[in-house]
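Trainee: Please find the sequence and the predicted model below.
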2 protein chains.
Amino acid sequence: MLSKKTKYAIKALVALGKNVENPPMQIVRLAEQEMIPRKFLEQILLDLRNAGYLYSKKGAGGGYSLNKNAADIYLADILRITDGPIAMVPCASLKFYRKCDECHDEKTCGIRKTFIDVRDATLQVLSRTSVADVIARETLDDLIS
Amino acid sequence: MLSKKTKYAIKALVALGKNVENPPMQIVRLAEQEMIPRKFLEQILLDLRNAGYLYSKKGAGGGYSLNKNAADIYLADILRITDGPIAMVPCASLKFYRKCDECHDEKTCGIRKTFIDVRDATLQVLSRTSVADVIARETLDDLIS
DNA sequence: AATAAAGACTACTTATTCAATAGACTTTGT
DNA sequence: ACAAAGTCTATTGAATAAGTAGTCTTTATT
């Protein structure tokens, strides 16, 4: 399951993506609008900022805005920042590889191979879906329904 | 991440799948062989049994064996027994649907749509991979290397 | 019939991780 | 100078996962 942290991160990015024409958005406003606990959101935004996805400005009139085009922010990368590995077992992780405690011989582990396939299938979606895509999908259905 | 419970479950099924020509295997033996805490394994096997995947026999000479052909035991179903939903968000789950707390309007939720795609991609692998496949993949590489 | 070898079931405890909160510090515009 | 923002680290509380314990039931063997 996705952590709340990750859900909040995605929601924040989507909100900032929609806010791109306007002046930077303050944490407090974002927290209220998206119903995210303020101090928790603060940490999340900080992580995203330190990873280069957000631009922030201190002081009066400050706030947060996207530091990249929404179309260049992929969910896979966000998940990795907030939740760590995408693979379901550490030994199948691309970016956070760790040996499984339970695993004797990784070379012949059928479980590992299967979960590498799962990881690839997951990434097929997540590393191609951007914040812009998520926004597009929302507004698309707004129009239809 | 997969829980240890699920990893243990898969390992147990694989071990029992390999043991299919022999008399039923006792919990204690299985626990030793697969390095799984005995009492924890006991619970796991019970779950798998109650779900119809294992046959068990009490008393002297008793033990556990598969109740289905290993080729008919799919990982997706096992995961659901031991870990619950496969989807990364409850609102995208096929078998364990629940509304997300954070979600206002599910109909237009871009996050939901994306994670339905992820779920489908994951199931594409997990609902086609059986215990027999896992075993095959192990022994296959035994031969090659 | 007695006994021992197994599994069945339920309850409990402990450890770990997640979610949230708190507070002191820094930067910047007016 | 001051207030409005973000920065950063530490701590607390809650939930879940992992593991443990103990008693009950069934069955094969003698």
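Mentor: Thanks, I have the structure now. Numbers count the residues shown, from 1 in each chain, chains lettered A, B, ... in the order given.

Trainee: residues contacting the residue minimising distance to the centre of chain A?
Mentor: Nearest residue to the geometric centre of chain A (Cα atoms, centre = their mean): residue A:78, 2.5 Å. Going by Cβ atoms under 8 Å, 6 or more residues apart in numbering or on different chains, residue A:78 touches A:6, A:9, A:10, A:13, A:48, A:53. No exception for glycine: its C-beta is placed from N, CA and C like everyone else's.

Trainee: What separation is there between it and DNA strand D?
Mentor: 17 Å (Cβ to the nearest atom of the strand, to the nearest Å).

Trainee: now do residue A:98
Mentor: Counting by Cβ to the nearest atom of the strand, the gap from residue A:98 to DNA strand D is 14 Å.

Trainee: Same check on residue A:77?
Mentor: Residue A:77 is 19 Å from DNA strand D, by Cβ to the nearest atom of the strand.

Trainee: In what element of secondary structure is that residue found?
Mentor: Assigned by DSSP states H and E, residue A:77 belongs to helix A:75-83.

Trainee: Quick check: next helix or strand after that helix?
Mentor: helix A:110-126.

Trainee: Would you mind splitting chain A into its domains for me?
Mentor: A:4-66, A:74-129 (automatic domain parsing).

Trainee: I'd like to know which of those domains is closest to DNA strand C.
Mentor: Closest to DNA strand C of the domains of chain A is domain A:4-66 (Cβ to the nearest atom of the strand; 2.6 Å).

Trainee: quick check, distance from the closest one to the centre of its chain.
Mentor: 12 Å (Cα atoms, centre = their mean, to the nearest Å).

Trainee: Tell me if that domain is near chain B.
Mentor: Yes. Legend: contact between domain A:4-66 and chain B by Cβ under 8 Å from any Cβ of the partner chain is shown at A:4, A:7, A:8, A:10, A:11, A:14, A:35.

Trainee: coming back round to it: what is the rounded mean pLDDT of the helix holding residue A:77?
Mentor: Averaging pLDDT along helix A:75-83 yields 98.

Trainee: got it, and stretch A:89-96?
Mentor: For stretch A:89-96, mean pLDDT rounds to 96.

Trainee: Stretch A:122-133 too?
Mentor: Stretch A:122-133 comes out at a mean pLDDT of 98.

Trainee: who in chain A is up against DNA strand C?
Mentor: For chain A, the residues in contact with DNA strand C (Cβ under 7 Å from any atom of the strand) are A:3-5, A:8, A:37-40, A:42-43, A:57-62, A:83.

Trainee: switch the cut-off to 6 Å
Mentor: Taking Cβ under 6 Å from any atom of the strand as the measure of proximity, chain A contacts DNA strand C at A:3, A:4, A:5, A:37, A:39, A:40, A:43, A:58, A:59, A:60, A:61.

Trainee: Those: which two are farthest apart?
Mentor: Within those, A:3 and A:60 form the most distant pair, 33.1 Å apart (Cβ to Cβ).

Trainee: Which of those two has more residues huddled nearby?
Mentor: Comparing residue A:3 with residue A:60 by other Cβ atoms under 10 Å in any protein chain shown, the one with more neighbours is residue A:3, at 13 against 5.

Trainee: Against chain B, how distant is that one?
Mentor: Distance, residue A:3 to chain B, using Cβ to the nearest Cβ, to the nearest Å: 10 Å.

Trainee: give the contact list for that residue.
Mentor: For residue A:3, the contacting residues are A:82, A:83, by Cβ under 8 Å, 6+ apart.
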